[in-house]
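**Q** This is a predicted model, with the sequence first.
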Amino acid sequence: MKKLRYYISVAAMFTKLSIQSELEYPFMLIGHILANSIQWVVGFATIKFVVDQFGSIGGWGYESLAFLYGMSVLSHGLAVVFYIQTWYMGYDVIEGEFDRFLLRPMNLVFQFLFSDFNLIGFTDMIPGLIVFFYGCAKVQLVPSLTNILLVICTLAGGTMIRGAVWMFCGSMSFWTKSTANFTDMVGELFERVSMYPITIYPKWVQAFFTFLLPLAWITFWPVKDMLELGITPIPVPLAVVTLIVGLLMFVGSCAVFKAGMGKYESAGS
Amino acid sequence: MKPYIFISKLRIQTALAYRFNVISTILIQCLVMYAMSCFWIAAYNGTETVSGVNQRDMITYTTISVIMGNLLTMGVQDRIARSVRSGSVALDLLKPVSIYGIYLAEDLGDCAAAFFQKAIPLLLVGTVIFGFPAPASFVHFLLFLFSFAIGYLINWILAALLGLCAFKTLRLGPLANAKGFIMKLLSGSIFPLWFFPAGFRRVLELLPFMNIYQLPLGIYIGQYTMDEILLRTGLQLFWCAVLWLLFDILQKKMSAVILIQGG
């Protein structure tokens, strides 16, 4: 119990320090809000215009697309808040930055997960919420307790899936000892399978992203289920499956990180 | 001219040294190309033409757009920001050549390297998956090349203009992101402007961005009549000249406010 309280206080301190250092540059924050609003609001608007011309895409009208897109931006924003440190793991390995973690008498995974709370990620959430609420209104989603819980499950699961994939990619640096960065590649992949309905891809691609690399669970399946766009053979809401997939990926990514730390040899000088 | 050509050559050699970068870029771009083509196939879903364009044209549009994107990567804006921040801009200015000429030569060198390292492999992959993205005619292809070249210059000047902001702000940060998103969304690189509502389209046609992707690509797939091509290329040249003038005035002003930090 005492230990738990200690860990919570450390996490709170880490978070406080990260926020304070971000707030040192207020114009940076405002700039990011503007840039991300352009990215997501204009980004969605252009998709809407195109889909309007065609009527629907992969069986989805722009209303359901708005909801899907909003959910995707929200879990993206959350993942950027909590997992930004995974983008620079290659650098950390090469420069010996993990030495500091090893010196402290605390759990390594805990330290890594809480080492950087990125306030800037919330700048994605503002345009994300705009598109999300627009989508909610368009698909006439009832703000019932069930729906709210389903949205929360999806966002939590989606965030963990995204973070876990970043962490897997980042942890590769422990073995390859290179700063090779997969962030762009993974980001492009996330965008393609979580902002557009995966029904636009051939069946084998859909199967791949459902069973092998479960990215279709970030938004597609739970949203499809919530909007009742088809019947599923699974008795529980698919948002719950997303949460379970997210938790499994989270545990897996922590295990890989730990295994990687075993290989870490403080290459820095 | 000799020093500039030498710089371009150096850049090509540098680009050849980074193999991982090339492979990962090609993978990402293949992914984008494939995903966008799937998007168009799903959108058309058997319909003949929408807004006067058919599915084949849109796949060609996407393939060529992705290839163009790799040739249009501009280093100049970060280059200026980096030189200003580190103070090396002072040394650059001392050299008996134009620094912006050097920056342009660097980017042209990158472009030449990208042509062989990225454009050709992507063209091959695109051809294998979706068939050869053929231009409307040989004449259209030549006009496309011309339009692309002017578009390249406009894109470069826009990047350089943003880079000049670094003289004042020292860092570009989110400014660079905002510019990147505007370019990506409003230049026709993903969705051509003819799918947008008339009012929005008219506004975009007044801005310089569509001259970078939309115009050359529209010419390539034969979406414009010859009269339109002449008119729009005229406008494109006009934009290029205006932006160049603006850049020339600003860069002179900015060299007066250089703040050397570090050193």
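**A** Yes, it's here.
**Q** which SSE is residue A:163 in?
**A** helix A:145-176 (DSSP states H and E).
**Q** what mean pLDDT does that helix have?
**A** In this model, helix A:145-176 has an average pLDDT of 92.
**Q** Return the set of buried residues in it.
**A** Buried residues in helix A:145-176, counted by 16 or more other CB atoms under 10 Å in any protein chain shown: A:150-151, A:153-174. To be clear about C-beta, it is placed using only N, CA and C from the backbone, and glycine gets the same treatment.
**Q** One more: stretch A:14-32?
**A** A:14, A:18, A:22, A:28-29, A:31-32.
**Q** Hmm, residue B:104 and residue B:156 touching each other?
**A** Yes: with contacts counted by CB atoms under 8 Å, residue B:156 reaches residue B:104, the gap being 6.4 Å.
**Q** hang on, the earlier thing: so how far is the helix holding residue A:163 off the chain centroid?
**A** When distances are taken as CA atoms, centre = their mean, to the nearest Å, helix A:145-176 is centred 5 Å away from the chain's centroid.
**Q** same question, stretch A:175-195
**A** Relative to its chain's centre, stretch A:175-195 lies at 12 Å (CA atoms, centre = their mean).
**Q** For the stretch 151-263 of chain B, which residue gets nearest to chain A?
**A** Here the stretch 151-263 of chain B gets closest to chain A at one residue, residue B:174, 3.2 Å apart by CB to the nearest CB.
**Q** ok so, going back, find residues that contact each of residue B:156 and residue B:104.
**A** Common neighbours of residue B:156 and residue B:104, using CB atoms under 8 Å, 6 or more residues apart in numbering or on different chains, are residue B:76.
**Q** Looking at these two, which is more packed in?
**A** In terms of neighbours (other CB atoms under 10 Å in any protein chain shown), residue B:156 is the more surrounded of residue B:156 and residue B:104; the figures are 26 against 20.
**Q** Helix or strand for that one, just tell me which one.
**A** Here residue B:156 is covered by helix B:138-169, with elements defined by DSSP H and E.
**Q** Packing partners of that helix?
**A** Applying 3 or more CB pairs under 8 Å, 6 or more residues apart in numbering or on different chains; DSSP states H and E, one finds that helix B:138-169 contacts helix B:76-86, helix B:99-114, helix B:174-186, helix B:214-220, helix B:226-256.
**Q** Report the buried residues of it.
**A** For helix B:138-169, by 16+ other CB under 10 Å, it's B:140, B:143-144, B:147-148, B:150-167.
**Q** can you check stretch B:104-115 too?
**A** Buried, per 16+ other CB under 10 Å, within stretch B:104-115: B:104-114.
**Q** Just the closest of these to residue B:191, please.
**A** Nearest to residue B:191 among the buried residues of stretch B:104-115 is residue B:114, at 23.6 Å by CB to CB.
**Q** ok, the closest one - contacts?
**A** Counting by CB under 8 Å, 6+ apart, residue B:114 has contacts B:15, B:70-71, B:73.
**Q** Residue A:132 now?
**A** A:66-67, A:70-71, A:73-74.
**Q** and with 7 Å instead?
**A** Neighbouring residues of residue A:132 by CB atoms under 7 Å, 6 or more residues apart in numbering or on different chains: A:70-71, A:74.
**Q** on that earlier part again, dump the helices and strands packed on helix B:138-169 into CSV; add mean pLDDT and distance to residue B:2 as well.
**A** Listed next are those as CSV, based on pLDDT from 0 to 100; distance: least, CB to CB, whole Å:
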stretch, mean pLDDT, distance to residue B:2
helix B:76-86, 86, 21
helix B:99-114, 91, 11
helix B:174-186, 87, 32
helix B:214-220, 94, 30
helix B:226-256, 92, 23
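**Q** what residues does chain B put near chain A?
**A** For chain B, the residues found near chain A under the criterion CB under 7 Å from any CB of the partner chain are B:20, B:24, B:27-28, B:31-32, B:35, B:38-39, B:42-43, B:50-51, B:173-175, B:177-178, B:181-182, B:185, B:191, B:195-197.
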